[in-house]
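A.B. asks: Provided below are the primary sequence and the corresponding predicted coordinates.
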Amino acid sequence: VNNRGSRTRILRFEPGVYTTTPFVHLYWEEVFLFSGDLIVGNDEQGNGGESFAPFTYACRPPGAFHGPFKSVNGCLLMEIHYFDPV
């Protein structure tokens with residue numbers, strides 16, 4: 001595993017899209033929700049979870065479980081991923 005470097009990406013969820021399992025990774029992640037709706041913590045059928053509105057920011061340290069994710073009407077996010085500086 002390469003534990004250095006960074007990436008920034010724009011991520012779009014189409015309406016009705018959802019994931020079914022939590023994510024965990026070895027890098028820091030910062031997320032900013034530009035538009036649409038994002039639900040975090042839904043079950044495997046896409047039900048439940050906590051809803052977030054545009055202009056929400058989140059920062060997750062390495063090893064933090066997060067998700068699953070769902071968007072009813074679609075959304076646009078920016079994600080920044082990076083490793084701790086050595």
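C.D. replies: In hand now; what should we look at?
A.B. asks: so what's residue 22 up against?
C.D. replies: 65, 66, 67, 68 (C-beta atoms under 8 Å, 6 or more residues apart in numbering). All C-beta atoms are positioned from the backbone trio N, CA, C, and that covers glycine.
A.B. asks: Report the two of the residues you listed separated the most.
C.D. replies: 65 and 68 (10.3 Å; C-beta to C-beta).
A.B. asks: Comparing these two, which residue is more hemmed in?
C.D. replies: A direct count of neighbours by other C-beta atoms under 10 Å for residue 65 and residue 68 places residue 68 higher, at 19 against 10.
A.B. asks: residue contacts, the more buried one?
C.D. replies: Residue 68 makes contacts with 18, 19, 20, 21, 22, 40, 41, 42, 43, 44, 49, as judged by C-beta under 8 Å, 6+ apart.
A.B. asks: Burial check on the residue nearest to it when sequence neighbours are not counted, number of neighbours?
C.D. replies: Closest residue to residue 68 apart from its sequence neighbours, by C-beta to C-beta, 6 or more residues apart in numbering: residue 19 at 4.2 Å. A count of nearby residues for residue 19, using other C-beta under 10 Å, gives 14.
A.B. asks: Check residue 38 too.
C.D. replies: Going by other C-beta under 10 Å, the residues that sit close to residue 38 add up to 24.
A.B. asks: Tell me how far residue 39 lies from residue 61.
C.D. replies: Distance, residue 39 to residue 61, by C-beta to C-beta, to the nearest Å: 22 Å.
A.B. asks: So between the two, which is more surrounded?
C.D. replies: More neighbours surround residue 39 than the other of residue 39 and residue 61, with 21 against 9 (other C-beta under 10 Å).
A.B. asks: so what's that one up against?
C.D. replies: Here residue 39 is in contact with 18, 49, 50, 51, 52, 69, 70, 71, 72 (C-beta under 8 Å, 6+ apart).
A.B. asks: In ChimeraX, select just the buried ones from the contacts of residue 68.
C.D. replies: Those of those that count as buried under 16 or more other C-beta atoms under 10 Å are selected in ChimeraX with:
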select :18,40,42,49
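A.B. asks: Quick check: the two most widely separated of the contacts of residue 68?
C.D. replies: 40 and 44 (14.5 Å).
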